[in-house]
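1. Sequence and computational prediction follow.
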Amino acid sequence: METPNILCEKREQIILNDLFEDFKILLQDSDAAEEKEKVKNSLKKMADNTTYLILGEEGAGKTSLLNALFQEMTSFADDFAGEICEYRWGEQDLTTPPVDGIQKKFVTMENMRGLSIVDTKGINRFTEEARKKVKEQIERSSAVFVVFDAEHIRSPKLWDILEGCPQKRMIFFLTKCDLLSGKDLHSNVEKLKSYMEESGISAPLFPISHHKKKIRGDIMAIDEVRTYIRDNVVGNNPMLNRQMENVAEMKRIIVQLKDSFALRKQQYVSDFEILQKINRSLDTYMLNHKKFLDTFIGKVAAEINKDIDSYEREIISKLDPYKIKERFKKREDFEDYLNMVNENYRTMMSDSINRKTIEAIKSCLQDLEIVFNEATGYFNKRENILALNDKFYGTLSQSRRQMSDETREMVVSTGELYRTLSDASENLFMQIWNERKKYDASIRMHKALSNIGGGTLGGAAGAGIGLAGLHLLTGGGAVAASSAAVAAGSGAATVGGTALAAGSGAAAVGGTATAAGATGVAVAGASVFAIAGLVVIGVIAGAVLFRYISKSFFDPKSADKMEENTRKCIEQFKKEVDHTRIEMIEQVTGQITTIFENELANVDNCFTEFRMSVNIDERKIPLLEQRMQEAENLLLKIETI
């Protein structure tokens, strides 16, 4: 079993190392660069070994003293190469060749961890270069053992080295004391003390014997010497003694860190309360908006049904073969007429739906103004509790201040835009809407829409509205509307998955490529366009069907089957109209939903950074509270040791 090394217990190094490592973790989330550097240096010093150096003339008993003091930690021998031999812990037993007169021996005994023991040849055999190396070793040593043979206390070369070195923790030993009489030993002890006084050295002096027990009262046993060195020279906690200044600094920083954290927590609680109020305002608006949107979509669907029914009746009323031939001389004239009726109804339905959409959007924006005023009122009451110059959380406070300013600017800009739109006439509304890209760039401040965590109904920050994938290109360009997802609480719905384009561009609608020029539409199938974010009905009945109908009525070979052809044309027309009705309602309502949800996303997006900062702290504060408790524990541990 390994014998504990009371001159440098590994336990102390472990305790202090853990202390500084824990403190390093405490500072991870802070901006305290200077304090972090201090901890880093302290940890670096922790890796330094406690070094004991032994000096004396050849034959004075240096190696025997080391073996006695450090017991069975390792075996010390005086047959090493070079003038100096350093013993220290290693992963494997290894002896290096001497370099500049210094040889190193690595030993695997666990008690050697954190310990460096430097043995030397007899001082009388040192070269001038070796003397310089010994002085360097003295500088790095925690304690220097100076050994004299009790019968030979004069050593000019040794005194020369000692007198030229700064005062270290020196311990003087007289060995082989059992070989002298009590009177001679007393005389030599007094002489040695006078030499020490002449050299200006104040240090304890131990007459010793290597025997396990005392031989006489004037000789100390090794166990007593070891305990005395530990208690009165090296100290009960040698590693702690070397680190006392750093430990005291750590204690002071912990107190400051706790005060700073209290302000950070206070800032979080204040911001969290504000965000809850903002989320409740947005959630209430979202609920009312959903009810309003559902009602509006129902009205639009009913309007489309009504207009299509009217359109269907008018087209069917025109399909009288006798009146057609009487009125139209050529098939092309009749086909043009059907397209004209089709275009008139398309324009009429588009105008009707757009008027209703504009009215609905303006009503929606009026509600948004109320939400903005309410949310802005909450946000404007936000306090900057955490000081910008706080050395622990200054960067965090500065980023929050910037976030606060940017959020306030976005809210004001968005509110002004919505107020302008809600008060605008229809023509002015369309002009502003067509330039929406510029407003969006100003409002978003070059930030793209992303998945946003809002507030659940009456709930905490971190849940709520999440919208993605709506991108508007306005002003004579194209509108690409991908899917928009609205998540309220734990539920979600996806609406409007159609890619659309209008003006001089092209659109993919329901798998059909559609070109909408300035003069009209000539493509089979129904389509819906979004110009600058508003709805425009494409075609109702396809041109292919109209060509088929006109051909049926003007084909001479079909004259005897006119009534049957009329019935077939009407049936086919009704089927296409029914198909178009379903497709049109889905596309129009989907596009309207996309427009409205985009506006809701713009509202929510104003508070994105504020919400993110609060949500981040919501996760971090519990961890930091745990660290603050660890800080309390560190303070207690410091007091204990």
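-> Ah, there it is.
2. can you give me the helices for the stretch 351-500 of the chain?
-> 394-423, 426-434, 436-444 (DSSP state H, counting those that start in this stretch).
3. Could you give the average pLDDT over the longest one?
-> Regarding helix 394-423, the rounded mean pLDDT is 81.
4. Who are the packing partners of that helix?
-> Here helix 394-423 touches helix 238-318, helix 331-380, helix 426-434, helix 436-444, helix 562-605, helix 608-640, going by 3 or more Cβ pairs under 8 Å, 6 or more residues apart in numbering; DSSP states H and E. Bear in mind the C-beta positions are built from the backbone N, C-alpha and C, glycine included.
5. make it 7 Å
-> Packing partners of helix 394-423 (3 or more Cβ pairs under 7 Å, 6 or more residues apart in numbering; DSSP states H and E): helix 331-380, helix 426-434, helix 436-444, helix 608-640.
6. same question, the second one
-> Applying 3+ Cβ pairs under 7 Å, 6+ apart, one finds that helix 426-434 makes contact with helix 394-423.
7. list the buried ones in the helix it packs on?
-> 394, 396-397, 400, 403-404, 406-408, 410-411, 413-415, 417-419, 421-422 (16 or more other Cβ atoms under 10 Å).
8. about what we covered before: possible to save the helices of the stretch 351-500 of the chain as a markdown table with distance to G182?
-> Compiled in a markdown table, those are given as follows (distance: least, Cβ to Cβ, whole Å):
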| stretch | distance to G182 |
| --- | --- |
| helix 394-423 | 71 |
| helix 426-434 | 112 |
| helix 436-444 | 97 |
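9. Which one of those lies nearest to L636?
-> L636 sits nearest to helix 394-423 of all the helices of the stretch 351-500 of the chain, at 28.1 Å, using Cβ to Cβ.
10. quick one on the thing from earlier: tell me which of the helices and strands packed on helix 394-423 sits nearest to E245.
-> helix 608-640 (12.8 Å).
11. what stretches of the stretch 201-350 of the chain score poorly on pLDDT?
-> The stretch 201-350 of the chain contains residues with pLDDT under 70 at 210-216, 233-242.
12. Figure out which of the helices and strands packed on helix 394-423 is closest to S552.
-> Short answer: helix 331-380, nearest of the helices and strands packed on helix 394-423 by Cβ to Cβ, at 9.7 Å.
13. Report all helices and strands that that closest one contacts.
-> Counting by 3+ Cβ pairs under 7 Å, 6+ apart, helix 331-380 packs on helix 238-318, helix 394-423, strand 534-537, helix 543-554, helix 562-605.
14. which one of the helices and strands packed on helix 394-423 lies closest to E91?
-> Comparing the helices and strands packed on helix 394-423 by Cβ to Cβ, helix 608-640 comes nearest, at 30.2 Å.
15. Would you mark the buried spots in the closest one?
-> Quick answer for helix 608-640 (16+ other Cβ under 10 Å): 608-611, 613-615, 617-618, 621, 624, 627-628, 630-631, 634, 637-638.
16. just stretch 584-599 next, same as before
-> 584-585, 587-599.
17. now swap in stretch 218-231 and tell me
-> Buried-residue list, stretch 218-231, by 16+ other Cβ under 10 Å: I219, M220, A221, I222, V225, R226, I229, R230.
18. Assumed the last one was part of a strand.
-> In other words, R230. No: counting by DSSP: H, G, I helix; E, B strand; the rest coil, R230 is not part of a strand but helix.
19. mind checking how far it is from L69?
-> According to Cβ to Cβ, to the nearest Å, R230 stands 11 Å off from L69.
20. for the fifth one, same thing?
-> With distances taken as Cβ to Cβ, V225 is found 7 Å from L69.
21. Name the nearest residue to D149, ignoring sequence neighbours.
-> A60 (4.7 Å; Cβ to Cβ, 6 or more residues apart in numbering).
22. any idea how far that neighbour lies from I616?
-> 67 Å.
23. Report the residue ranges of every domain in the chain.
-> 49-236, 264-621 (automatic domain parsing).
24. Quick check on V144: phi, psi?
-> phi -120, psi 120 (degrees, to the nearest 10).
25. give me the number of residues near it?
-> 22 (other Cβ atoms under 10 Å).
26. Who are the contact partners of it?
-> Shown in contact with V144 (Cβ atoms under 7 Å, 6 or more residues apart in numbering): L53, L55, I138, K168, R169, M170.
27. ok, F272 touching I616?
-> No: counting by Cβ atoms under 7 Å, F272 does not reach I616; the two are 11.7 Å apart.
28. can you list contacts of stretch 112-131?
-> Taking Cβ under 7 Å, 6+ apart as the rule, stretch 112-131 contacts 5, 8, 10, 13, 49-59, 62-63, 66, 70, 73-74, 76, 83-89, 101, 134, 137, 155, 157-158, 161.
29. With stretch 184-197 instead?
-> F148, A150, I153, W159, F172, L174, C177, A203, L205, P207, D218.
30. avg pLDDT for it?
-> Here the average pLDDT along stretch 184-197 is 90.
31. before we move on, the earlier item: which of the helices and strands packed on helix 331-380 sits most buried?
-> strand 534-537 (a mean of 24; mean count of other Cβ atoms under 10 Å).
32. Could you pull up the contacting residues of L635?
-> Applying Cβ under 7 Å, 6+ apart, the residues contacting L635 are K251, I254.
33. L27 versus that one, what's the distance?
-> For L635, the distance to L27 - Cβ to Cβ - is 15 Å.
34. Tell me how confident the model is about stretch 156-170, as a mean pLDDT.
-> On average, stretch 156-170 scores 79.
35. and the end-to-end length of that stretch?
-> End-to-end span of stretch 156-170 (Cα to Cα, to the nearest Å): 17 Å.
36. Buried only: go through the contacts of stretch 112-131 for me.
-> Using 16+ other Cβ under 10 Å, the buried ones in the contacts of stretch 112-131 are 5, 8, 10, 13, 49-57, 62-63, 66, 70, 73-74, 76, 83-89, 101, 134, 137, 155, 158, 161.
37. Need the contact partners of stretch 160-178.
-> Under Cβ under 7 Å, 6+ apart, the answer for stretch 160-178 is 60-61, 65, 123, 131, 134-135, 138, 141-151, 185, 188-189, 192, 196, 199, 201, 203-209, 211, 215, 219, 229, 233-234.
38. how long is it from one end to the other?
-> 28 Å.
39. now that stretch, how far from the chain's geometric center?
-> 58 Å (Cα atoms, centre = their mean, to the nearest Å).
40. Just the buried positions in that stretch, please.
-> In stretch 160-178, counting by 16+ other Cβ under 10 Å, buried: 161-162, 165, 168-178.
41. Retrieve the pLDDT associated with T474.
-> Value for T474, per-residue pLDDT: 27.
42. Kindly report the same for the one 4 residues further on.
-> Here, the pLDDT recorded for A478 equals 27.
43. Any chance of the buried residues of stretch 218-231 in JSON lines with distance to E332 and secondary structure as columns?
-> Output for these, formatted as JSON lines (distance: Cβ to Cβ, whole Å; DSSP: H, G, I helix; E, B strand; the rest coil):
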{"residue": "I219", "distance to E332": "135", "secondary structure": "coil"}
{"residue": "M220", "distance to E332": "130", "secondary structure": "strand"}
{"residue": "A221", "distance to E332": "129", "secondary structure": "coil"}
{"residue": "I222", "distance to E332": "125", "secondary structure": "helix"}
{"residue": "V225", "distance to E332": "125", "secondary structure": "helix"}
{"residue": "R226", "distance to E332": "120", "secondary structure": "helix"}
{"residue": "I229", "distance to E332": "119", "secondary structure": "helix"}
{"residue": "R230", "distance to E332": "116", "secondary structure": "helix"}
